[in-house]
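In: Need coordinates for the below:
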Amino acid sequence: MGYAYYEITRNGETIQAGYSVEVVCEEDGCDEKIDRGLAHLCGAQPGGDEYGCGGYYCGHHLYTGIGPAEGLCARDSKRWQEQEETAST
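Out: Residues are numbered from 1 along each chain as shown. You can find the predicted model right below:
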């Protein structure tokens, strides 16, 4: 399977994904053009996983730090950090 174009199910809806699928950042109010490639994916799995929502965001709206929160949108990064703080107390 190539990653230029494929379909995934996210939140019960089938969408087109891949680095040849041009869209805009999914952050409210952002209109930066991106693609639905893995570089713009929130989380590790297209469609979402335990950490990320599976949305596609520009470089300004993905957390690019080090560790498990890397590659998450702001909401999921915050949720992950809150879970880690709760688990360590």
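In: Give the other helices and strands that the strand of greatest length in the chain contacts.
Out: For the chain, the strand reaching the highest residue count under DSSP state E is reported as strand 13-24. Contacts defined by 3 or more CB pairs under 8 Å, 6 or more residues apart in numbering; DSSP states H and E place strand 13-24 against strand 6-10, strand 33-36. (Each C-beta comes from the backbone N, C-alpha and C, glycine too.)
In: The first one - which strands sit beside it in the sheet, and in what orientation?
Out: Looking back up the chat, that one is strand 6-10. strand 13-24 (antiparallel) (DSSP bridges).
In: Buried residues, the strand it pairs with. List them.
Out: Across strand 13-24, burial judged by 16 or more other CB atoms under 10 Å covers I15, A17, G18, Y19, V21.
In: Surely the third one touches E7?
Out: No. Counting by CB atoms under 8 Å, G18 stays clear of E7, with 9.0 Å between them.
In: any low-confidence regions in this protein?
Out: 1, 65-69 (pLDDT under 70).
In: Contact partners for the most centrally placed residue in it?
Out: Nearest to the geometric centre of the chain sits C42, at 1.4 Å (CA atoms, centre = their mean). When the contact criterion is CB atoms under 8 Å, 6 or more residues apart in numbering, the partners of C42 are G48, G52, C53, G54, G55, Y56, Y57, L62, G71, L72, C73, D76.
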